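In: I'd like to go over a predicted model; first the sequence, then the structure.
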Amino acid sequence: MHFRELMDSKGRLLVVSLPENSLEYARAAVENGADAIKLHINVKHRVTGKAHVTWTDVRETVKYIYSTLGCCMGIVPGAEAMASEDELREMGEFGLSFFDVYVDYAPLYVLKNDLCKMLALNHTYCRSMASHLKRLGADAVEISIIDPKDYGKDLSLEDLLKYLEVLELSGLPSFIPTQKRITVDDADRILSLGFKGLIIGPIVTGTDIESFSRTVRKFSKIASD
């Protein structure tokens with residue numbers, strides 16, 4: 001299912017950010033209840049330290065994952081290094097239906113294709129940025145506003161108030177990533193406030209495939225409520 005259709009058809013969504021671009025992790029996420037999975041290229045993950053390769057290196061893997069699982073898939077197309085306009089256009093042909101990119105790294109050409117556009121705000125965002133996302137053509141926002149020095153800490157009420165501010169100002173389906181250590185109980189409270197979904201990653205899932213699978217399963221029960 002295309003990510004845009006998924007957002008229209010389901011109340012709460014669980015997006016799983018894979019520790020690596022592999023069928024093993026993709027299968028574990030989907031079989032344990034993920035609504036969508038997210039892959040990465042051209043970036044070094046801040047949590048795992050893993051360097052993700054270029055589109056040329058991963059495109060056949062992406063195609064294989066989609067042909068095997070038929071799941072909803074998205075991608076982080078880069079940061080300092082970014083997928084080209086032609087590469088972004090090609091991604092839809094390989095089964096990807098959305099991209100997720102920080103606005104401070106996104107060139108204007110990211111707006112010129114048919115993929116669902118999730119734009120991410122970082123910890124330096126200001127209120128006006130949130131309020132203008134929809135005018136840029138964003139379909140969703142990732143509220144990725146935690147300072148990297150605070151990654152892995154417990155979620156605070158201040159964090160939640162900032163999340164709510166972006167939700168209200170953007171008027172877009174809003175997703176909370178697990179930059180801080182969000183528990184299943186926290187997730188239930190967050191989603192009840194009107195956020196569209198969670199993006200869970202290695203801070204809560206870990207990278208061991210068994211613990212990864214268990215964690216996805218636990219969070220999927222909240223998203224399906």
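Out: Great, that's in hand. Numbers count the residues shown, from 1 in each chain.
In: rest of the way, CA atoms for contacts and neighbours
Out: Noted.
In: what's the first-to-last distance across stretch 190-206?
Out: Using C-alpha to C-alpha, to the nearest Å, one end of stretch 190-206 lies 21 Å from the other.
In: distance of the spatially most central residue of the chain relative to residue 132?
Out: The centroid of the chain falls nearest to residue 199 when counting by C-alpha atoms, centre = their mean (5.0 Å). Residue 199 is 22 Å from residue 132, where distance means C-alpha to C-alpha.
In: who touches the residue nearest to the centre of the chain in this structure?
Out: 14, 15, 16, 17, 175, 176, 177, 178 (C-alpha atoms under 8 Å, 6 or more residues apart in numbering).
In: same thing but 6 Å
Out: Applying C-alpha atoms under 6 Å, 6 or more residues apart in numbering to residue 199 gives the contacts 15, 16, 176, 177.
In: can you check residue 179 too?
Out: residue 151.
In: just to revisit the earlier point, farthest-apart pair in the contacts of residue 199, please.
Out: 16 and 176 (11.5 Å; C-alpha to C-alpha).
In: between those two, which one's more packed in?
Out: Between residue 16 and residue 176, residue 16 has the larger neighbour count (other C-alpha atoms under 10 Å), namely 30 against 25.
In: for that one, name its beta-bridge partners.
Out: With DSSP bridges applied, residue 16 shows beta-bridge pairing to residue 37, residue 200.
In: go on, residue 121?
Out: Beta-bridge partners for residue 121, by DSSP bridges, are residue 143.
In: tell me the contacts of it?
Out: Contact analysis of residue 121 by C-alpha under 6 Å, 6+ apart lists 102, 143, 144.
In: 10 Å instead, please
Out: 101-104, 129-130, 133, 141-146, 166 (C-alpha atoms under 10 Å, 6 or more residues apart in numbering).
In: any idea which of those is closest to residue 31?
Out: residue 142 (24.1 Å).
In: what about the closest one, neighbour count?
Out: 25.
In: how near is it to residue 85?
Out: Residue 142 is 22 Å from residue 85, by C-alpha to C-alpha.
In: again, but for residue 23
Out: Distance check for residue 23 against residue 85: by C-alpha to C-alpha, it reads 26 Å.
In: how long is stretch 26-39 end to end?
Out: 9 Å.
In: mean confidence score for it?
Out: Mean per-residue pLDDT for stretch 26-39: 98.
In: quick one, phi/psi of the residue lying closest to residue 206 once chain neighbours are set aside?
Out: Residue nearest to residue 206 in three dimensions, not counting chain neighbours: residue 212, with 5.8 Å by C-alpha to C-alpha, 6 or more residues apart in numbering. In terms of degrees, to the nearest 10, the main-chain angles of residue 212 are phi -60, psi -50.
In: with that, I have no additional questions.
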